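Visitor: let's see this in three dimensions:
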Amino acid sequence: MQSKLSLRFGGALATTLMMTTWLGCVRQYRPPSANEPHAVLKLRRSYAQQLGTDLSERALLNGEQVLSHQVASSLAAAPLTDALLVHPTPARLDLATTFGHYTTQLVQEQYTEQVPYQDMETYNCGVGTSYQTCTRSVTRYRTEYKTRMVNKTVFVSDGNCSAAVQLAPQVGKSYLIQYDFQANGVCKVACFEQNARADGEFDNRPCPIAAAEAK
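Guide: Numbers count the residues shown, from 1 in each chain. Model (predicted):
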């Protein structure tokens with residue numbers, strides 16, 4: 001397998017807009033500096049279909065985010081590739097992609113409201129040193145949870161898929177992760193170790209798997 005890739009380093013990987021496939025907060029991956037021991041990891045995504053209007057992509061390395069962005073689905077007509085430096089330790093890479101579109105829907109949301117009510121309280125109504133207890137009506141407020149129907153713009157999935165691969169990066173080496181989206185729920189991912197050739201292209205061979213155990 002031979003390939004010649006146009007890569008984006010650094011800032012493109014830090015673009016965090018939205019991802020609908022996985023929910024919740026995750027920690028951002030801290031890549032090694034160029035002066036630290038590292039390997040190069042290239043993430044190449046190919047799409048046999050372009051669905052909806054938007055494409056969201058996300059990649060986690062050992063549970064930490066290395067890629068999260070959203071682009072127009074039309075851009076997926078050509079392969080998308082990003083690259084980053086990674087620590088030379090065994091890892092698991094999870095990739096997930098979602099095609100979708102935005103629409104306005106009537107949805108139910110919860111809100112709180114401060115509702116007044118009447119209560120009785122006691123107070124000292126005596127004169128001078130004479131103590132006397134009286135009661136009076138006071139207005140208090142309690143928090144009530146309510147629901148209402150509102151129009152909201154929501155992201156609707158037109159197709160999604162996720163896949164994972166194990167790898168064991170070694171210092172000074174380059175690796176290509178090839179993710180192929182074929183249809184809704186149908187995708188695959190493969191890892192290749194790259195060896196540079198004199199003509200600027202690469203010879204790719206399957207990544208060694210014997211030592212590829214994620215933490």
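Visitor: contacts and neighbour counts: CA atoms only from here.
Guide: Fine.
Visitor: mind listing the strands for this structure?
Guide: Along the chain, counting by DSSP state E, strands occupy 2-3, 39-47, 54-61, 64-72, 80-86, 91-124, 133-167, 174-183, 186-196, 202-206.
Visitor: highest average neighbour count across the ones you listed?
Guide: Mean neighbours per residue, mean count of other C-alpha atoms under 10 Å, is largest over those for strand 54-61, with a mean of 22.
Visitor: next, the angle strand 80-86 makes with it.
Guide: Per axes from the mean of the first three to the mean of the last three C-alpha atoms, to 10 degrees, the angle that strand 54-61 makes with strand 80-86 is 20 degrees.
Visitor: what packs against strand 54-61?
Guide: strand 64-72, strand 91-124 (3 or more C-alpha pairs under 8 Å, 6 or more residues apart in numbering; DSSP states H and E).
Visitor: now the shortest one: mean pLDDT?
Guide: For strand 64-72, the mean pLDDT works out to 94.
Visitor: make TSV from the helices and strands packed on strand 54-61 and add distance to Asn160 to it.
Guide: Below are the helices and strands packed on strand 54-61 laid out as TSV (distance: least, C-alpha to C-alpha, whole Å):
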stretch	distance to Asn160
strand 64-72	13
strand 91-124	4
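Visitor: coming back round to it: so which of the strands of the chain is nearest Pro32?
Guide: Distance to Pro32, taken as C-alpha to C-alpha, is lowest for strand 80-86 among the strands of the chain, at 6.1 Å.
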